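**Q** Pasting a predicted model and its sequence here:
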Amino acid sequence: MKRTDIKAVLFDYDDTLYSHRDGEIPPLTKEALFALKENGYLLGLCTSRFPSELQSFPKDVRPLFDAWIEGTGCLLYAKDNCLDSQVIAPDTVQELLSVLDEEEISYLWTTDQMEEHFSRDPGEMVKNHVLSWRGYFPTVQAWQGEPLLCITYYHADELQIKKILAYAGRIKLSRWGSAGQINAKGIDKAYGLKKFADAFHLDVKQIAVFGDGANDISMIDAAGIGVAVGNANEELQKHAMMVTRPIEEGGIYDACLKLGLITNKRGIQILFLDIDGTTYQNNIRDVPANTRKALSQLRENGFKLVIDTSRSKQEMIYLPKDFIENMDAIIMLAGGQIEMNGNTLYHYLSDSHVKKAVDYMELHNIIYRWVDDQGNACLSSDVEEINAKFYRLYSMVPPVKKWNGERLVHLLYYTNDVQEIQEIDSIFSTETHIHYGFGHEQVAHGMGKASSMELVSAAFGLTIENTAAFGDGANDALMIKNAKIGVAMGNACDACKEAADYVTDNIEEDGFYNACKQFGWIKE
């Protein structure tokens, strides 16, 4: 199947389109949906849910969808019209419900008129789950012979499931743990896919599908292109043509780009770059060759490039000269010092707060590194562990000097003691606190890697909508989240990855270069 033959794209809902971790359809997934629609593709939802269970579906995205396959294939809606509806054979329903009642298994039954009722109280866990999906709880009442589209059972053990499976030749069963959904024989997501194709005069091979669960396997196998999101069921991944990244990491957007279904048109004009572990590889003490290549092409293509780091200027002296000189602006000390347009801008810590904090740290033997507006970066004491950390990262160790009233733009201190951290944070009551592991930063009120992006962008006549940011550390998470496109390196911390729209490869595997190429900012 040629990718140019694809005419429609179908998505599973839970943990494919919708992230339960974040409680939303991720921003980059939305971006992909709007781009797909703009490019003329038909869009469909293929889910085990019914209309009452789709209250979380965003109103701005809903109009993009041409059809809704629900109940694991038993219902097909297009423009609010029901195009197909498949009920379970009445005699099968009667026998099955007798078994479920005898075994005292709670179940929800759904009629062809979309009425839903529980057979008995299913317990608090199921109630909370149902309420979170619907916003209301169906009534409890006995089945009275109505035609049923679906039976969803809960809390069945393996012996009870075997009794349900005795009807395998007369039903279609989808299972997830101790719960499951029973549909009419032959009704699954592949059936729904076929009905969608028929409704729009397509071949199923002209449809690309995205899924994550075992009940998506049938449509993955039937479609022209089957994509498993990175968080997908292992068995499903074996059936997929492509396994993309988790949805929270831009997996759907990434796959649509790679499949040629969409192109990047997001208007990114300025890139904010962390140094260590992002653009500079500490173990080789250099900028990787392909990172250099990407930076060169980005400049040629008219992008603004800005370093956004917690390093001081003194701690940057051993970085490659061309790397620094080719930047359009440099944010240092998490916004404490900014160089752009030939000017240097400082943001100061409160003098009284600094004095009180230094007195506290001296009393408790806490090591700190301070930076003033004269370019001085000094350590309060000579400690082997801290010295080794600086040398490993920066190929230098700041001179040892106690603070003596200098105006400070940044303070970094080292402790694992929770009470000490809380005490120092309370002293710096109006400043920005940034914590990552053993190190803790204090920056002027309102400053940080993220807020500095807005200030620098504005100086170039741009907004946050024109920004992309790359990082790997905990102090990069807000910067990545604040950018229009936030990219975490493959070697990034969890907080960074969770904040990102997209997670690229490790720095050693040309992550920066690969991401820039992926977004279309550079070419091969």
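**A** Cool, got the structure. Numbering: from 1, shown residues only.

**Q** and residue 312, how many residues sit next to it?
**A** 25 (other C-beta atoms under 10 Å). For every residue, glycine as well, the C-beta is placed using N, CA and C.

**Q** tell me the contacts of it?
**A** Contact analysis of residue 312 by C-beta atoms under 8 Å, 6 or more residues apart in numbering lists 332, 333, 337, 371, 375, 377, 410.

**Q** how much space is there between residue 360 and residue 328?
**A** Residue 360 is 39 Å from residue 328, where distance means C-beta to C-beta, to the nearest Å.

**Q** returning to what we had before: need the contacts of residue 312 in TSV with secondary structure and neighbour count, can you?
**A** Output for these, formatted as TSV (DSSP: H, G, I helix; E, B strand; the rest coil; neighbours: other C-beta atoms under 10 Å):
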residue	secondary structure	neighbour count
332	strand	25
333	helix	28
337	strand	23
371	strand	26
375	coil	11
377	strand	23
410	strand	27
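
**Q** and the least confident of the residues you listed?
**A** Looking at these, model confidence by pLDDT dips furthest at residue 375: 84.

**Q** Name the SS class of the residue lying closest to residue 396 once chain neighbours are set aside, please.
**A** If the residues on either side of it in the chain are set aside, residue 396 comes closest to residue 318, at 6.2 Å by C-beta to C-beta, 6 or more residues apart in numbering. On the three-state scheme (DSSP: H, G, I helix; E, B strand; the rest coil), residue 318 is labelled coil.

**Q** and residue 318, what does it touch?
**A** 285, 394, 395, 396.

**Q** Next step: these restricted to helices.
**A** Taking DSSP state H, the ones among those that sit in helices are residue 394.

**Q** Residue 467: how many residues sit nearby?
**A** Residue 467 has 25 nearby residues by other C-beta under 10 Å.

**Q** repeat for residue 353
**A** Residue 353 has 18 nearby residues by other C-beta under 10 Å.

**Q** wait, is it part of a helix?
**A** Yes - Residue 353: assigned to a helix according to three-state DSSP.

**Q** Look up how far residue 465 lies from it.
**A** From residue 353 to residue 465 the distance is 35 Å (C-beta to C-beta).

**Q** center of this protein, which residue is that?
**A** residue 248 (2.2 Å; C-alpha atoms, centre = their mean).

**Q** Next one: that residue from residue 482, what distance?
**A** When residue 248 is compared with residue 482 (using C-beta to C-beta), they lie 17 Å apart.

**Q** try residue 326
**A** 24 Å.

**Q** the more surrounded of the two?
**A** Neighbours were counted for residue 326 and for residue 482 using other C-beta under 10 Å; residue 482 has more, 20 against 14.

**Q** The more buried one against residue 457, yeah?
**A** No - the criterion here is C-beta atoms under 8 Å, and residue 482 misses it with residue 457 at 10.4 Å.

**Q** Overlap in contacts, the two.
**A** By C-beta under 8 Å, 6+ apart, the residues touching both residue 482 and residue 457 are 464, 467.

**Q** low-scoring pLDDT stretches of the stretch 401-524 of the chain, where are they?
**A** Nowhere does the stretch 401-524 of the chain drop to pLDDT under 70.

**Q** what are the ranges of the helices in it?
**A** Taking DSSP state H, counting those that start in this stretch, the helices of the stretch 401-524 of the chain run over residues 418-427, 449-459, 477-482, 494-499, 511-518.

**Q** Per the annotation, how does the chain divide into domains?
**A** Domain ranges of the chain: 3-82+188-258, 90-184, 270-346+448-518, 351-443, per automatic domain parsing.

**Q** For residue 524, find the nearest of those.
**A** Comparing the domains of the chain by their distance to residue 524 (C-beta to C-beta), the top pick is domain 270-346+448-518, with 7.0 Å.

**Q** three-state assignment of residue 208?
**A** strand.

**Q** Return the residue of the protein that is most distant from the centre.
**A** Largest centroid distance in the chain under C-alpha atoms, centre = their mean is residue 91 at 46.3 Å.
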